[in-house]
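Trainee: give me coordinates for this.
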Amino acid sequence: MRILKKAEDVFVGTALIAATLVLFVNIVLRYSFDANTTWAEEFIRYAMIWIAFIGSSICFRRGIHVGVDLLIKSVSKVGKKVLQVYINIIAVVFMIFLIKFGFDLVIFSMDTGQITPSLEIKMYWIYLAIPIGAILSIVHIITQTINLLRNYQTSLD
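Mentor: Purely as a prediction, here's the structure:
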């Protein structure tokens, strides 16, 4: 689990740095040299897609995903646990739908042979961020739920 956490953090950090550097270089080229790279905008867009989906799993791991804070803070400690388990079940169901429809999109893209305009990479590599991010999110949601049920310290306490 520690390796997975480190891999997620390194991937998102590296992708953010790469997207920022490409954006900076493209801005310098555009305004200083009247030159422009055709692939920079596309690279940044696809990097941000991967950052968003892998980043969502990091948010689930850290317990900082979207929740109903007002409701959670207004119930007892036992109520918080019950409510959090219920929220986690709903999140897992949503992630299962994301996995299913994400893989459908990946398979469709593989069958049609779609490629990106500038980078000329297969589109399924971009769409693969959806099911991978959802799978990682489910792993963290289940881990968080098990820890919650075992009375470990959570982000809610």
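
Trainee: who's in contact with the most centrally placed residue in the chain?
Mentor: Among the residues of the chain, Phe53 comes closest to the average C-alpha position under CA atoms, centre = their mean, at 1.9 Å. For Phe53, the set of contacting residues under the criterion of CB atoms under 8 Å, 6 or more residues apart in numbering consists of Ala129, Ile130, Ile132, Gly133, Ala134. Placement of C-beta: from N, CA and C, glycine included.

Trainee: turn those into TSV, columns for secondary structure, neighbour count and distance to Ser76.
Mentor: Conversion of the contacts of Phe53 to TSV gives the following (DSSP: H, G, I helix; E, B strand; the rest coil; neighbours: other CB atoms under 10 Å; distance: CB to CB, whole Å):
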residue	secondary structure	neighbour count	distance to Ser76
Ala129	helix	21	39
Ile130	helix	21	37
Ile132	helix	17	37
Gly133	helix	26	33
Ala134	helix	24	32
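
Trainee: thinking again about what came up before, distance of the residue nearest to the centre of the chain from Leu71?
Mentor: Taking CB to CB, to the nearest Å as the measure, Phe53 and Leu71 are separated by 27 Å.

Trainee: closest to Ala18 out of the contacts of Phe53?
Mentor: When the contacts of Phe53 are ranked by distance to Ala18 (CB to CB), Ala129 comes first, at 14.9 Å.

Trainee: wouldn't the closest one be in contact with Ile54 here?
Mentor: Yes. With contact defined as CB atoms under 8 Å, Ala129 counts as touching Ile54 (7.1 Å).

Trainee: can you give me the buried ones in the helix or strand of the chain with the lowest mean pLDDT?
Mentor: The helix or strand of the chain with the poorest confidence is helix 69-73; it has a mean of 74 (mean pLDDT, DSSP states H and E). Of the residues in helix 69-73, none count as buried by neighbour count, 16 or more other CB atoms under 10 Å.
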